[in-house]
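Q: Return a 3D structure for these sequence lines:
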Amino acid sequence: MSAPGESPPPGLPPPRAGLGGCLVALLVVIGIALLLPGICSLIFMIPFMLGQGPVGEWVIAWLITFIIAAGGIGLIRYALRNR
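A: Have a look, this model is predicted:
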């Protein structure tokens, strides 16, 4: 109890509003789907890195798929941190 003229002690901070369970699951599934192009590129990169084909033609495609995969990783991290 506080004396007259004093302010009451601060209460607990309001609970942090997180994402709902279904939204987290949906974002994780979308994030995994965005990871698939990057994984596929890594698999198809192996023969080129072993010297069985020209690499120069595929570099832009690999960069694009890795950027998409990075977006998937970011989406999964966001969903799991805000649940």
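Q: any idea how far residue 24 is from residue 79?
A: 5 Å (C-beta to C-beta, to the nearest Å). (C-beta placed from N, C-alpha, C; glycine too.)
Q: Run a quick check on residue 53 versus residue 47, I expect a contact.
A: Yes: contact criterion C-beta atoms under 8 Å: residue 53 and residue 47 qualify, at 6.0 Å.
Q: so where's the longest helix in the chain?
A: What stands out as the longest helix in the chain, according to DSSP state H, is helix 21-49.
Q: and the helix or strand bottoming out on mean pLDDT in the chain, how far out from the chain's middle?
A: Scoring the helices and strands of the chain by mean pLDDT, DSSP states H and E places helix 21-49 at the bottom, with a mean of 93. Taking C-alpha atoms, centre = their mean, to the nearest Å, one finds helix 21-49 lying 11 Å from the centre of the chain it belongs to.
Q: Name the residues of it that are buried.
A: Buried positions in helix 21-49, judged by neighbour count with 16 or more other C-beta atoms under 10 Å: 24, 27, 28, 31, 34, 35, 37, 38, 41, 48.
Q: With that, I have no additional questions.
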